[in-house]
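Trainee: Based on what follows, work out the 3D shape:
(one chain, ligands or ions: 1)
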Amino acid sequence: MTDFDPIDTLRPHIRDLPSYEAISDSVAIAEQYGIAKKDILRLDGNENPFGASPLALQALQNGYEPERYTDANQTLLREALQEFLQVPAENIVAGAGSDELIDLIYRMWVHPGDRIVTCGPTFGMYAFDAAIHQAEFIDIKRKNDWSVDEEALLHEAENAKLVILATPNNPTGNALSPLLVKELLKTNALIILDEAYIEFSQTNSMVDIASSHPSLIVLRTFSKWAGLAGLRIGYAVANKRTVDVFMKTKQPYNVSTPSVAAAIASLHDTEELDRRASILTSERDRMFAVLEKISWLEPFPSETNFLLVRTIERDARQISDKLRRKGIFIRTYSEEIIKDCIRISMGTSSQNDRVIEALSNLEI
Ligand SMILES: Cc1ncc(COP(=O)(O)O)c(C=O)c1O
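Mentor: Down below sits the predicted model:
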């Protein structure tokens with residue numbers, strides 16, 4: 001019998017890795033509470049309640065060959081993105097979600113001990129991947145209104161290998177000022193802007209700047225606007241030299257054939273996807289106005305498809321648990337700075353009505 005022990009032999013930083021807080025298994029929890037599957041309302045993952053576009057669903061039926069490897073050069077997808085973004089295909093690379101691209105960026109540029117700077121609270125993968133790659137992770141906490149401490153950020157950026165910021169940010173919902181981005185681009189750090197929610201925002205995308213600037217990478221995804229979260233497909237926009245190293249370093253067949261087919265079809269259905277996005281942003285604004293009137297809730301302005309809401313003198317986890325017992329799943333946090341907040345992804349109008357009713361009648 002071998003003495004090999006999979007834990008003892010692990011690289012120490014992997015052994016000590018804190019687990020990523022993924023979306024909870026709503027089906028198992030609902031079963032535990034005796035809630036029928038049809039009554040589960042998942043508003044904890046910032047997914048799109050309308051699902052994939054009709055053309056994407058059609059492409060998933062008969063628009064790809066499962067027995068074939070995908071095109072390692074991603075030619076058709078990059079061409080479709082060129083048309084959509086008005087950025088040359090040579091400046092675009094696709095990944096299995098932005099998640100894969102974040103990991104790939106760290107793998108390519110971050111040496112153990114390098115400094116990665118962000119402004120929390122923010123998307124958990126930035127810190128998770130930093131731990132995997134043994135980076136020093138610097139989290140400059142946002143101010144009370146969730147704005148970035150610009151002075152501290154610019155100061156830290158001077159000595160950083162990489163600055164990674166979501167704009168608009170998850171979970172705070174606010175976007176960065178273009179002036180701040182301009183200042184960041186004057187530093188020697190590699191600047192990553194994660195625009196996962198940009199289609200729900202009034203803020204302009206930075207993809208055109210990214211295509212020519214030497215130190216800017218913009219990340220985008222089909223998970224939110226296009227409703228393809230389960231297919232895992234996103235993309236990065238950067239200058240050609242940067243994209244060339246992505247193409248060289250990525251797994252050759254990193255995006256699957258159904259994901260590519262659905263993504264291209266989505267780009268032929270942008271009117272429908274934009275129409276849905278605008279319903280979600282109107283719903284977000286309607287929900288904001290309603291929740292603001294509940295004395296123990298304080299919603300924050302949002303440029304995304306979700307709302308972050310502070311719970312005043314009430315326990316956020318308890319609220320979430322009460323909602324779960326009604327089949328409604330929302331996001332809570334263990335991080336101190338947002339422990340007293342819940343995050344609610346926007347559903348359809350009737351789904352959101354269900355949330356409003358549940359919150360209005362909550363006994364705590
Ligand atoms: C800011 C941000 N970036 C990236 C992602 C993940 O995107 P993808 O599904 O493309 O990996 C999320 C998902 O919630 C997110 O909130």
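
Trainee: Within range of the ligand, give me the residues from the stretch 201-350 of the chain.
Mentor: Residues of the stretch 201-350 of the chain lying near the ligand by CB under 6 Å from any ligand atom: 221, 223, 229, 234. Heads up, the C-betas are built off the backbone N, CA and C, glycines and all.

Trainee: Please list all residues in contact with the last one.
Mentor: Taking CB atoms under 8 Å, 6 or more residues apart in numbering as the definition of contact, the neighbours of residue 234 are 94-101, 196, 219-223.

Trainee: wait, which of these is closest to residue 123?
Mentor: Of all those, residue 123 sits closest to residue 196, with 7.7 Å by CB to CB.

Trainee: Now do the contacts for the residue lying closest to residue 292 once chain neighbours are set aside.
Mentor: Closest residue in space to residue 292, ignoring its immediate chain neighbours: residue 299 at 5.7 Å, by CB to CB, 6 or more residues apart in numbering. Shown in contact with residue 299 (CB under 8 Å, 6+ apart): 287, 288, 291, 292, 307, 308, 309, 310.

Trainee: from the residues you listed, which ones fall inside strands?
Mentor: Among the contacts of residue 299, the residues falling in strands (DSSP state E) are 307, 308, 309, 310.

Trainee: Quick one: neighbours of the residue in the stretch 51-200 of the chain that the ligand sits nearest to, just the number.
Mentor: Relative to the ligand, the nearest point of the stretch 51-200 of the chain is residue 97 (2.7 Å; CB to the nearest ligand atom). Look at residue 97: counted by other CB atoms under 10 Å, it has 25 neighbours.

Trainee: Ok, residue 259 next?
Mentor: Residue 259 has 24 neighbouring residues, counting by other CB under 10 Å.

Trainee: So which other helices or strands are in contact with the helix or strand hosting it?
Mentor: Using DSSP states H and E, residue 259 sits in helix 257-267. Applying 3 or more CB pairs under 8 Å, 6 or more residues apart in numbering; DSSP states H and E, we find helix 257-267 packed against helix 54-62, helix 75-85.

Trainee: now what about the lengthiest helix in the chain, what contacts it?
Mentor: Longest helix in the chain by number of residues (criterion: DSSP state H): helix 270-292. With CB under 8 Å, 6+ apart as the test, helix 270-292 has contacts from 48-50, 53-55, 84, 199-200, 225-227, 266, 297-299, 301-302, 304-307, 309, 344, 346-349, 352, 355-356, 359.

Trainee: got the contact list for the closest residue to residue 65 other than its chain neighbours?
Mentor: With sequence-adjacent residues excluded and distances taken as CB to CB, 6+ apart, residue 65 is closest to residue 257, at 6.4 Å. Residue 257 makes contact with 64, 65, 66, 68, 69, 70, according to CB under 8 Å, 6+ apart.

Trainee: can I get these in TSV with pLDDT and distance to residue 36?
Mentor: Formatted as TSV, the contacts of residue 257 follow (pLDDT from 0 to 100; distance: CB to CB, whole Å):
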residue	pLDDT	distance to residue 36
64	94	34
65	94	38
66	94	33
68	96	40
69	97	41
70	96	38
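
Trainee: Quick one, which of those are buried?
Mentor: 64, 70 (16 or more other CB atoms under 10 Å).

Trainee: would you turn the contacts of residue 257 into JSON lines with secondary structure and distance to residue 80?
Mentor: Below are the contacts of residue 257 laid out as JSON lines (DSSP: H, G, I helix; E, B strand; the rest coil; distance: CB to CB, whole Å):
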{"residue": "64", "secondary structure": "coil", "distance to residue 80": "14"}
{"residue": "65", "secondary structure": "coil", "distance to residue 80": "18"}
{"residue": "66", "secondary structure": "coil", "distance to residue 80": "20"}
{"residue": "68", "secondary structure": "coil", "distance to residue 80": "18"}
{"residue": "69", "secondary structure": "coil", "distance to residue 80": "19"}
{"residue": "70", "secondary structure": "coil", "distance to residue 80": "14"}
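
Trainee: what's the spacing between the residue lying closest to residue 71 once chain neighbours are set aside and residue 86?
Mentor: Ranked by CB to CB, 6+ apart and with sequence neighbours excluded, the top spatial neighbour of residue 71 is residue 260, at 7.6 Å. Distance of residue 260 to residue 86, given as CB to CB, to the nearest Å: 21 Å.

Trainee: cool, and residue 258?
Mentor: Applying CB to CB to residue 258 and residue 86 gives a distance of 27 Å.

Trainee: If anything else comes up later, I'll come back, but that's it for now.
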